[in-house]
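Asks: one predicted model, sequence on top.
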Amino acid sequence: MTQWSPEQFSKVQMAGIETLTGLIGKAFECFEKLVELNLQTMKTTLTEAQEGAKKALSVKSPQEFVELQMESFQPTADSALAYRRQLLEILAATRAEFEKVAEVQYAAGKQGLNDFLESVVNKTQAGPAAPLAAWQEAINATTTLYESMQTTAKQAVQVAESSFSTAAGAASKGMQRRAAQASQAAAK
């Protein structure tokens with residue numbers, strides 16, 4: 001069997017620390033983007049609320065007030081959908097970065113395990129090599145299953161994101177239609 005030297009152990013530890021540091025950096029980048037998005041959304045919301053309050057105080061009839069509410073409803077709904085879209089984009093980008101790191105770590109671990117098994121098989125006599133080969137085949141089958149599940153999960157996430165985008169677009173169009181109908185009804 002092969003033994004790990006202190007240099008190999010140190011190299012693996014350093015690689016792990018570098019990976020962890022990189023992931024923490026990505027997490028902080030995501031956090032910064034989320035804080036920035038929330039601050040910008042709050043500033044915009046406060047400005048819009050102030051303008052809405054000024055307009056509401058200047059209305060002279062209930063019909064004008066209803067029309068003002070209908071006018072402000074669509075931009076508010078659009079802002080909420082835009083916020084949700086930006087939030088999902090930030091989270092998806094961060095998830096993609098984490099997935100890249102996980103894939104690299106998985107590939108490195110898989111290669112290290114294969115190299116280890118190969119060295120063990122090469123150093124053993126002809127008799128005990130059969131159980132090791134069977135073990136290696138079991139690991140290969142597990143690896144294939146994992147990769148298949150990973151691909152399926154990625155496809156499911158893509159379908160879910162696509163479905164959300166479609167639903168959000170349909171909801172936005174529906175709100176626009178309702179707002180137009182309400183405006184027409186208020187005008188009559």
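Replies: Looks like it arrived, so ask away.
Asks: which strands and helices lie in contact with the longest helix seen in the chain?
Replies: When the chain is parsed with DSSP state H, its longest helix is helix 62-123. For helix 62-123, the packing partners by 3 or more CB pairs under 8 Å, 6 or more residues apart in numbering; DSSP states H and E come out as helix 6-58, helix 129-187. For glycine as for every other residue, the C-beta is placed from the backbone atoms N, C-alpha and C.
Asks: mean confidence for that helix?
Replies: Average pLDDT, helix 62-123: 83.
Asks: ok and that helix relative to helix 6-58, angle-wise?
Replies: With axes from the mean of the first three to the mean of the last three CA atoms, to 10 degrees applied, the angle from helix 62-123 to helix 6-58 works out at 170 degrees.
Asks: return the distance of helix 62-123 from the chain's centre.
Replies: How far helix 62-123 lies from its chain's middle: 1 Å, per CA atoms, centre = their mean, to the nearest Å.
Asks: do stretch 136-144 as well
Replies: 29 Å.
Asks: now that stretch: buried residues?
Replies: Gln136 (16 or more other CB atoms under 10 Å).
Asks: nearest to Met70, out of the helices and strands packed on helix 62-123?
Replies: helix 129-187 (5.0 Å; CB to CB).
Asks: mean confidence score for that closest one?
Replies: Mean predicted lDDT for helix 129-187 stands at 72.
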